[in-house]
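Enquirer: Pasted the sequence and its predicted model underneath.
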Amino acid sequence: MNVRQSAEVAAALASGQAVVALESTITSKMGLPAPYNRECFDRVNAAIRGAGAVPAVTAVIDGELWAGIEPHHEALVLAADEKLAERDLPVAIAAKRTGVTTVSATVTIAGLAGIRVFATGGIGGVHRGAELNFDVSSDLGAMSRHPVIVVSAGAKAFLDLPKTLEVLETLSVPVIGYQTSHFPAFWSRSSGLALSHRVESATEIAAIAQANTALGWRGGMLVANPIPLEAEIPAAEIADAIATGLAEAERAGATGPKATPKILAAIAAATDSRSIPANLALAEANARLAGEIAVALRRGSF
Ligand code: PSU
Ligand code: MN
């Protein structure tokens, strides 16, 4: 499958420059309300450039997969309101639709384009009550099947984080703590859940990715990067907002793909929008780290 690329990303890939993929759901109104979605878009792109890499925003435009949209696509992609997961891609392609990519769609597109590093905010995972509602994000399965390093601030804290880690283990997706021994909880630096692996540098992450490739494994890995200290909302403080957000989404009957956007919006309302600057800061920090990992991979020799 051909993946369209901006002139800049095509040139960067052809010359072996460091490239970092970005998803487009987080920068749509399903991820953040305007004008913060544009602010997020600008900050993550700038952070990747600041680290010496080239950003490649993924999206589907008129049925074509893009890894690295052109500047004239930006307004369309920021305003798009169809959320596309991996399984939606064939439908969107055949019907020539336009939509934004989740983590699962982004690792698929990045994998096809040969981009090995991707920065997001928080991955989707196992929802609370999954033992009854079976809501497990396709992000997890997609990460086990596409050879892309996903840099995130853990999984969104309104999920069931212990079950999310269990499923990642079942799927053999390595979870690497970046300068932390605990799985981060998105708005908070720690969920209290211990991780098996911790590294201190981007170079170590690149070495692990290299070993993953050498082993012949086709899957990716998850890098867990805690939110910067100054932007953190302590877990005890956000817990009430999460409970309110989950109840609100349930009242509104938001299930399936509609659940995550509704819960995020309800949590923003319940925190008086304090969750939003935290979300922007963690996305920016993840983009910077992803840029550093892509540069380290490019440099090689571990
Ligand atoms: N994290 C955010 N904002 C988001 C998402 C994650 O801070 O908008 C999006 C990502 O695109 C992720 C998706 O892949 O939510 C997961 O949705 P679901 O739970 O429906 O699989
Ligand atoms: Mn789901």
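Expert: Ah, there it is. Ligands and ions are numbered 1, 2, ... in the order given.
Enquirer: Can you give the contact residues for stretch 73-92?
Expert: With Cβ atoms under 8 Å, 6 or more residues apart in numbering as the test, stretch 73-92 has contacts from 24-25, 27-30, 37-38, 41, 57, 59-61, 63, 65-66, 69, 97-102, 104-105, 107-109, 138-139, 142, 257, 261. All C-beta atoms are positioned from the backbone trio N, CA, C, and that covers glycine.
Enquirer: Can I get the buried part of the residues you listed as one ChimeraX selection?
Expert: In ChimeraX, a selection of the buried entries from the contacts of stretch 73-92 looks like this (16 or more other Cβ atoms under 10 Å):
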select :24,25,27,28,29,30,37,41,57,59,60,61,65,66,69,97,98,99,100,101,102,104,105,107,108,109,138,139,142,257,261
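Enquirer: Of the contacts of stretch 73-92, which ones also sit close to ligand 1?
Expert: 25, 30, 102, 138-139, 257 (Cβ under 6 Å from any ligand atom).
Enquirer: Which positions in this structure make contact with ligand 1?
Expert: 23, 25-26, 30-31, 102-103, 121-122, 124, 137-139, 156, 257, 260, 264, 279.
Enquirer: so of the ones next to ligand 1 among the contacts of stretch 73-92, which ones are in strands?
Expert: In strands, judged by DSSP state E, none of those are found.
Enquirer: got those as TSV, with pLDDT columns?
Expert: As requested, those are exported to TSV (pLDDT from 0 to 100):
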residue	pLDDT
Thr25	98
Met30	95
Thr102	98
Ser138	98
Asp139	98
Pro257	94
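Enquirer: What about those, which are in helices?
Expert: Mapping these onto helices (DSSP state H) picks out 138-139.
Enquirer: biggest separation within the ones next to ligand 1 among the contacts of stretch 73-92, which pair?
Expert: Spatial extent of those (Cβ to Cβ) is set by the pair Met30 and Ser138 at 15.7 Å.
Enquirer: so what's the residue nearest in space to the middle of the chain up against?
Expert: Central residue of the chain (Cα atoms, centre = their mean): Thr120, 2.6 Å from the mean position. When contacts are counted by Cβ under 8 Å, 6+ apart, Thr120 touches 22-23, 26, 103, 106, 150-152, 283, 286.
Enquirer: The one residue in the stretch 201-302 of the chain that gets nearest to ligand 1: neighbour count?
Expert: Minimum separation of the stretch 201-302 of the chain from ligand 1 (Cβ to the nearest ligand atom) falls at Thr260, amounting to 3.9 Å. Thr260: 24 surrounding residues under other Cβ atoms under 10 Å.
Enquirer: Hmm, it is touching Gly124, no?
Expert: Yes: under the criterion of Cβ atoms under 8 Å, Thr260 makes contact with Gly124 at 6.4 Å.
Enquirer: hey, what's in contact with both of those two?
Expert: 137, 156.
Enquirer: what residue ranges in the stretch 1-150 of the chain score low on pLDDT?
Expert: The model of the stretch 1-150 of the chain has no residue with pLDDT under 70.
Enquirer: Tell me the spacing between Ala95 and His73.
Expert: The gap separating Ala95 from His73 is 19 Å, by Cβ to Cβ, to the nearest Å.
Enquirer: between the two, who's got more neighbours?
Expert: A count of neighbours by other Cβ under 10 Å puts His73 above the other of Ala95 and His73, at 19 against 8.
Enquirer: For Thr213, which residues are in contact?
Expert: Contacts of Thr213 (Cβ under 8 Å, 6+ apart): Pro147.
Enquirer: now do 10 Å
Expert: 116, 147, 297 (Cβ atoms under 10 Å, 6 or more residues apart in numbering).
Enquirer: and what of Ala281?
Expert: Here Ala281 is in contact with 40, 43, 153, 187, 227-232 (Cβ under 10 Å, 6+ apart).
Enquirer: The residue of the stretch 201-302 of the chain closest to ligand 1 and His127 touch, don't they?
Expert: Yes: with contact defined as Cβ atoms under 10 Å, Thr260 reaches His127; the gap is 8.7 Å.
Enquirer: Return every residue with contacts to both of the two.
Expert: 135, 137, 156, 158-159.
Enquirer: Thanks a lot, see you next time.
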